[in-house]
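>>> When you get a sec, could you give me coordinates for this:
(chains A, B, C and D)
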2 protein chains.
Amino acid sequence: MSITIRDVAEAAGVSVATVSRVANASANNYPVRPQTRERVLEVISRLGYRPNDNARGLLLKRSGLIGIVVPDISNPYYPEVARGIEDVAHAHGYKLMFCSTDRLADRASAYIEALLLKRVDGLVIVGGGDEIQLSEATVATYDTKVVFIGRPSASFSTVRIDNTGAARDATNHLLALGHQRVGFISAGASSNTVNERRRGYIAALKASGLSIDEDLIVDGDFTEAVGYSAAKRLLTLQHPPTAIFASNDRMALGAMAAIVDLGLTVPDDVALVGFDDVPMSGYLRPALTTVSVAAVELGVRAMEILLKDIESNVGRRRARVATHLVVRDSCGASAASAEKSPTASNSHA
Amino acid sequence: MSITIRDVAEAAGVSVATVSRVANASANNYPVRPQTRERVLEVISRLGYRPNDNARGLLLKRSGLIGIVVPDISNPYYPEVARGIEDVAHAHGYKLMFCSTDRLADRASAYIEALLLKRVDGLVIVGGGDEIQLSEATVATYDTKVVFIGRPSASFSTVRIDNTGAARDATNHLLALGHQRVGFISAGASSNTVNERRRGYIAALKASGLSIDEDLIVDGDFTEAVGYSAAKRLLTLQHPPTAIFASNDRMALGAMAAIVDLGLTVPDDVALVGFDDVPMSGYLRPALTTVSVAAVELGVRAMEILLKDIESNVGRRRARVATHLVVRDSCGASAASAEKSPTASNSHA
DNA sequence: TCGTTTTCTGTAAAGGGTTACATTTGGAAC
DNA sequence: GTTCCAAATGTAACCCTTTACAGAAAACGA
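As a prediction, this is how the structure comes out:
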C-alpha cells in the first residue's frame, strides 16, 4: 500500500538511487541535474512519498530517537526536565521516546529493554531511584549513549545537582531564623536524591551543634497525600517541630495543607521549605520557599552531553547544575515581599 | 558490532530460520526440537542477542509504537492523560512516543510527520487547540489509526468530555450560592475546549436571566501567571465579580494568589472554581472546587479504542467520559468539610 | 527392511532504503 | 567532429529479520 522509493523512481523515469539522492538533498550534496531534481520532487509530492524510517534505520544504524525514562510523569518536576531535553533534541532533529516507570523496577527494565531494542541513539535516565539497573555491557551491546540525570554513576555520563549542599543551605536558612526543631519529610530509603538531601539536612543540624532526633525524620513518597500525613505525624508529636523541610514541593504542598488543617499557620506557627521549585510553588499563599533546581537546564545539559557523545564519541562526562534557595514567604524570612510580584523572589517568573 | 541472528545461528550450528523460530517462540508455535531450542537459547543469552527492531518492523510493517501528542507537557493535566494511555499501551506491549507541541503549529506538524514516518501503529492527539492539522488522506497514506482526546473530529475517533455541560454546572453552582457577577478566565479563542467551557458559562448565565458582561470574561493561556494577572484585572474592575470561574486549575491557582494578594479572601470575598482537578487542587487551602475530568480514564478509553481499531479495524468510534463537580472550599459551599479529609470531597484521593 | 508420514530444519526471497562503484551523458576544448 | 573529463545517473549489494517452501531426518507401520 505504502508507496516506496521504487514507485517514485518508476513514475519519474529515473533510478531509485536518484530518488534517494533527491530525497536526502540536505544530507549529502550529490550532484543531481536541477531539471531531474525538479521532476523527482514533483512526483514525490504528488505521490506523497515518505521514506520508510525502518528501512533507513536498518541501513544507517541510527534511529533518530532519544529514549527518556522518568520515574513519575505526574510529578511536575519531570515534565520540566523533559521539556529541556526535548528543546535540544528537537533542534537537532531527534525525536523523543518517553517512558514513565512509576518507580517500578520491572517496568523500568522492560522499558529500557524496549528502548534499546528500538535502537535509540541515546538514552536519558532521569531520577535518583534505585529501580534502574543498567550495565555498561548491556549498553555497549547496542550502540547507544547514556546520560543520567540526578543519579551518580561510575560508568555513564551524569548531570546532577548538589543535593546535599542545597539541603544543607535550606536547613541552615531555617536554623538561622531561630528554629531549633526542624522536621524532615524524606521519600524512601532507595532514592539517592532524597538520601543526599537527608544527609544535607543532618549535616546542617550537626554543624549547628544540634542532635538528630529520629522522630523528626519521617518517610514520604513524593506525593501530596503522603506529605500531608507526614506533616500531621510530625506536628502531633509530643515535641513538634517549628519548621518542616520537605524533600520536594508536592510533599510541601501536602504539608502546608496539614498545617492549616491543624489550625496552625505558615510560617508563624510552622515554617516550611520545599525542594524543586515547580511552577505552582510561587503561587501558593503563603508562597513556598524552596530550592530551585532549574529543571529545564538539567534536561538541556543532559541532552547536550548526549548529542556530543553521539556525534563525536566524546565519552563519559559529568556536569553539575547550580541550585539556589528561593526565599518566599513560607519560611517566615520575608514578611511582605508577596506584594511586589506574584511569585515573590521566584527567579523563574 | 551488534550481534545478529546470523552470529547466533553460526555459534549454535543451526540456520537463521531456526534461531528466529526459537526467538519468537511465543508468537508462532513452530515446532523446534527441545534439544535444539535449548542450545539456541543458551547461545542467545550467552551472546546477548536481541533482534533488530528496524529489520523486524520493516518486514512486519508494524512498529509496536504509539505516538502521543500533547499541547503542553508542563500542565499536570496532560501527564495524567498520558498515564492512562501508557497503562493500557504497556499492558498490550506497545511503547509510547511522546511529543509536546507547546501549542506551536509548526512543531505540531513536524512531530506528527515524524511520528508517521516512524510508522507508529497508532496516534493519540490530546488537547483542544487548533494547532493540529491532520487530514484523513495523510493518515491513510501511512497505515495508522488515530484518536483525538478533547477535540471534535469528523474523520477520526474521539474521546471527549462534555465541556459545555460541565462548565454550565459549575457556573450554576456559583449562581445557586447567590453570586450575580461571575468572572470567567478563558484561554485563547483557538481552543475548542475552552470555547466550549465559555459557552457553558454563558449558557448558565443566560438561563438565569443574567446579562453577559464582556468585562467579566478575560483571556488567559492556561498558566498560573496569566491566571494571576487575569484575576487581578477582574478584581480591579469598577464592578468586580464576587466569583471567578477559571477554565483550568493552574489559572485558578494563579487567581487564588491574586485574590489573596489583593487582601481579599477565598471564598468569603471571592468564590473560586477551577477545571481539571489536578492532584494539587485538593491540597490547596482553601481546597479548590473544580470540575473533575478523570484524565486517566480519558487516556485509557482513547487507548482502548485505538487498540481495537489497530487490531480489528473497527473504524471510527466516539466516547464520552463523565465529569463531575468536586465541591471543596473555594466556592464557599461547604464551610467545614476540610476537617474531615485532606482533600475534602476529592474522589481521587 | 522399506515406504510413508510427521516433524524438524534449511534455503532463499522479500521488505525499503543508501551508497560504492560502474556506466552513461553532456559539454568543453581542440 | 573528435576526444576527453566531469557531472549525472544507474546497478546492485547490503542492512537484519521473518517465513513460504523445500528438503532432510526421524518415527511409524507393515
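
>>> partners of A:Ile149 in the sheet?
Beta-bridge pairing for A:Ile149 (DSSP bridges): A:Val126, A:Val159.

>>> Could I get the contacting residues of it?
A:Val81, A:Val124, A:Ile125, A:Val126, A:Gly127, A:Thr158, A:Val159, A:Arg160, A:Leu298, A:Gly299, A:Ala302 (C-beta atoms under 8 Å, 6 or more residues apart in numbering or on different chains). Where you see a C-beta, it was placed from the backbone N, CA and C, and this is true even at glycine.

>>> at 10 Å what do you get?
Residues in contact with A:Ile149 (C-beta atoms under 10 Å, 6 or more residues apart in numbering or on different chains) are A:68-70, A:78, A:81, A:84-85, A:124-128, A:157-161, A:295, A:298-299, A:301-303, A:319, A:321.

>>> Out of those residues, which sit inside strands?
Within the contacts of A:Ile149, residues falling in strands by DSSP state E are A:Ile68, A:Val69, A:Val70, A:Val124, A:Ile125, A:Val126, A:Ser157, A:Thr158, A:Val159, A:Arg160, A:Ala319.

>>> For A:Val120, the count of nearby residues, please.
26 (other C-beta atoms under 10 Å in any protein chain shown).

>>> pretty sure it contacts A:Phe98?
No. Counting by C-beta atoms under 10 Å, A:Val120 stays clear of A:Phe98, with 11.2 Å between them.

>>> For DNA strand D, what's the nearest residue on the stretch 201-349 of chain A?
Using C-beta to the nearest atom of the strand, the point where the stretch 201-349 of chain A gets nearest to DNA strand D is A:Ile310, with a distance of 18.2 Å.

>>> Could you check which helix or strand contains that residue?
helix A:295-312 (DSSP states H and E).

>>> swap in A:Ala252?
With DSSP H and E as criterion, A:Ala252 is part of helix A:249-261.

>>> In that helix, which residues are buried?
A:249-261 (16 or more other C-beta atoms under 10 Å in any protein chain shown).

>>> Need the CA coordinates for it. PDB is fine.
Written as PDB, here are the backbone C-alpha positions of helix A:249-261 (Å, rounded to 0.1, in the frame of the first residue of the first chain):
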ATOM      1  CA  ASP A 249       7.400  20.600  46.600                       C
ATOM      2  CA  ARG A 250       4.500  18.300  46.200                       C
ATOM      3  CA  MET A 251       5.000  17.000  49.700                       C
ATOM      4  CA  ALA A 252       5.500  20.500  50.900                       C
ATOM      5  CA  LEU A 253       2.100  21.400  49.500                       C
ATOM      6  CA  GLY A 254       0.600  18.400  51.300                       C
ATOM      7  CA  ALA A 255       2.400  19.500  54.500                       C
ATOM      8  CA  MET A 256       1.000  23.100  54.100                       C
ATOM      9  CA  ALA A 257      -2.500  21.700  53.900                       C
ATOM     10  CA  ALA A 258      -1.900  19.600  57.000                       C
ATOM     11  CA  ILE A 259      -0.600  22.600  58.900                       C
ATOM     12  CA  VAL A 260      -3.600  24.700  58.000                       C
ATOM     13  CA  ASP A 261      -6.000  21.800  58.800                       C
END
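
>>> Average pLDDT for the next helix or strand after it, rounded please.
Following helix A:249-261 in sequence order, the next helix or strand is strand A:271-276 (DSSP H and E). Averaging pLDDT along strand A:271-276 gives 97.

>>> Output the helix or strand just after strand A:271-276 as PDB, nothing but the C-alphas.
With elements assigned by DSSP H and E, the helix or strand that comes after strand A:271-276 is strand A:289-292. This file holds the C-alpha atoms of strand A:289-292, laid out as PDB (Å, rounded to 0.1, in the frame of the first residue of the first chain):
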ATOM      1  CA  THR A 289      10.200  28.900  49.900                       C
ATOM      2  CA  THR A 290      12.000  26.200  48.100                       C
ATOM      3  CA  VAL A 291      15.200  25.100  46.400                       C
ATOM      4  CA  SER A 292      15.200  26.000  42.700                       C
END
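
>>> Show me which positions of strand A:289-292 end up buried.
Per 16+ other C-beta under 10 Å, strand A:289-292 contains these buried residues: A:Thr289, A:Thr290, A:Val291, A:Ser292.

>>> what do you get for stretch A:83-97?
Quick answer for stretch A:83-97 (16+ other C-beta under 10 Å): A:Arg83, A:Gly84, A:Ile85, A:Glu86, A:Val88, A:Ala89, A:His90, A:Tyr94, A:Lys95, A:Leu96, A:Met97.
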